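Asker: Model the following, please.
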Amino acid sequence: MEAFSDGVIAIIITIMVLGLQPPHGNNIHALRPLIPTFLTYVLSFVYLGIYWNNHHHLIRATNKVTGVILWANLHLLFWLTLFPFFTSWIGSTHFAVIPVLLYGVDLLLAAIAFYTLQQVIMRSQGENSLLRHAVGSDVKGKLSLFLYSAGILVTNLSVYFAMALYILVAIMWFIPDRRIETHMDSDHAHDD
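Answerer: This next block holds a predicted model:
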């Protein structure tokens, strides 16, 4: 499951980078119209990196994979595969309302899918699972869902404020979430 997910994320990144088209001119000013596309690409790339990193830790803390877990994982990958489409659309429309709104919806649905995957794994491992202890109350995850929702709601008022909220979530998660790793390391220390 991890190798398949890694491959899908690598393909998503490849598709996104192929969406970056070179400018028609040959001077620095020719790059100016490409700034929205490039900035959205950077944000989407960071998000994919965050999901890849956290997915790796999530799977590392999983002791068995069930059919329900496989479907929950595919649900997450579905929303991630839409990143290139919305990234390109935002860039080509220079942050128009509908593309930014739907990008936020995709970010929210990917976050819900990750939360669902996490819950399915914890349920399959029982009440005393390492993952359940590591995740705890998941304040950062819940705050992310709130900020995505707020971004979606304010898009009509200001696409830049909405994008700022999406950037804020990425900043929150940019520093790798060490909860699972820390619990796994302490669990292995107790085994020794």
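Asker: Report the rounded mean pLDDT for the lengthiest helix in the chain.
Answerer: Looking across the chain with DSSP state H, the single longest helix is helix 97-125. The average pLDDT within helix 97-125 is 95.
Asker: Check which helices and strands that helix is in contact with.
Answerer: Judged by 3 or more C-beta pairs under 8 Å, 6 or more residues apart in numbering; DSSP states H and E, the packing partners of helix 97-125 are helix 35-60, helix 67-81, helix 83-93, helix 130-135, helix 139-154, helix 159-174. For every residue, glycine as well, the C-beta is placed using N, CA and C.
Asker: who's in contact with the nearest residue to residue 50 once chain neighbours are set aside?
Answerer: The shortest distance from residue 50 to any residue other than its chain neighbours is 4.5 Å, reached at residue 173 (C-beta to C-beta, 6 or more residues apart in numbering). Contact analysis of residue 173 by C-beta atoms under 8 Å, 6 or more residues apart in numbering lists 50, 54, 140, 144.
Asker: of the residues you listed, buried ones?
Answerer: Buried by 16 or more other C-beta atoms under 10 Å: 50, 54, 144, out of the contacts of residue 173.
Asker: Pick the one among the contacts of residue 173 closest to residue 32.
Answerer: residue 50 (28.6 Å; C-beta to C-beta).
Asker: tally of neighbours for residue 141?
Answerer: For residue 141, the count of nearby residues is 19 (other C-beta atoms under 10 Å).
Asker: Leaving out sequence neighbours, find the closest residue to it.
Answerer: Once flanking residues are discounted, residue 141 sits nearest to residue 115: 5.9 Å by C-beta to C-beta, 6+ apart.
Asker: can you check residue 15 too?
Answerer: Going by C-beta to C-beta, 6+ apart, residue 15 has residue 84 as its nearest residue, at 4.4 Å.
Asker: so the one you found touches residue 19, yeah?
Answerer: Yes - judged on C-beta atoms under 8 Å, residue 84 makes contact with residue 19 at a distance of 5.9 Å.
Asker: now do the same end-to-end measure for stretch 57-75.
Answerer: 18 Å (C-alpha to C-alpha, to the nearest Å).
Asker: cool, and stretch 10-25?
Answerer: 30 Å.
Asker: if we can go back for a sec, any chance of the contacts of residue 173 in a markdown table, with pLDDT and distance to residue 156 too?
Answerer: Output for the contacts of residue 173, formatted as a markdown table (pLDDT from 0 to 100; distance: C-beta to C-beta, whole Å):
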| residue | pLDDT | distance to residue 156 |
| --- | --- | --- |
| 50 | 94 | 27 |
| 54 | 89 | 31 |
| 140 | 88 | 27 |
| 144 | 95 | 21 |
